[in-house]
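Chemist: dropping a prediction and its sequence here:
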Amino acid sequence: MTLLHVVAGPHVFRARLEEAAAPKTCAAFLKFLPYRQKLIHARWSGEACWVPLGDFKLGVEAEHPISKPAPGQLLFYPGGISETEILFPYGESVFACKDGVLEGTPFLTIVDGAAQLPSLGKLVLWRGAQDIVFQAAP
């Protein structure tokens, strides 16, 4: 089991890569660590934030995609109907864009720090974009 350290604003999480369910996505994502971006509030997906990645290509197709992730169940969307992105749900969420419902690969699950998810969502909603870093767990 591969664990990652995720720092979003002042919040620190430990997350498990879902290597059994999404082996190609996880292997490709690991090559980019440490990965730094901005986390902003989702406009269409309910209680979720997202990392907009524009035309970025991870080089993998969706693996077992879903549209209704649990809080702390991060999805990777490889692009298509909408831009490439990582969805970071902190509460009730249905992954969507202005053109309708999307499906993403559940590739990373928060296993430590989940109690902080609502606080992170509120921070991003009311204070704006936050830095986010994905890195190997210490």
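Modeler: Great, that's in hand. Predicted, not measured: the structure shown is a model, and the values here were computed from it.

Chemist: what kind of secondary structure is residue 108 in?
Modeler: strand (DSSP: H, G, I helix; E, B strand; the rest coil).

Chemist: all further residue positions should be reported with the first residue as 152.
Modeler: Sure, I'll start counting at 152 from here, so that last one is residue 259.

Chemist: now do the contacts for it.
Modeler: Listed by C-beta atoms under 8 Å, 6 or more residues apart in numbering, the contact partners of residue 259 are 155, 157, 166, 167, 168, 169, 177, 180, 224, 225, 285. Yep, even glycine has a C-beta here, placed from its N, CA and C like the rest.

Chemist: once you drop chain neighbours, what's closest to it?
Modeler: Spatial nearest neighbour of residue 259, chain neighbours left out: residue 225 (4.1 Å); criterion: C-beta to C-beta, 6 or more residues apart in numbering.

Chemist: report how many residues lie close to residue 237.
Modeler: Using other C-beta atoms under 10 Å, residue 237 is surrounded by 24 other residues.

Chemist: can you show me the strands along this protein?
Modeler: Counting by DSSP state E, the chain has strands at residues 154-159, 162-168, 186-192, 197-205, 224-228, 235-244, 247-248, 251-252, 256-263, 281-287.
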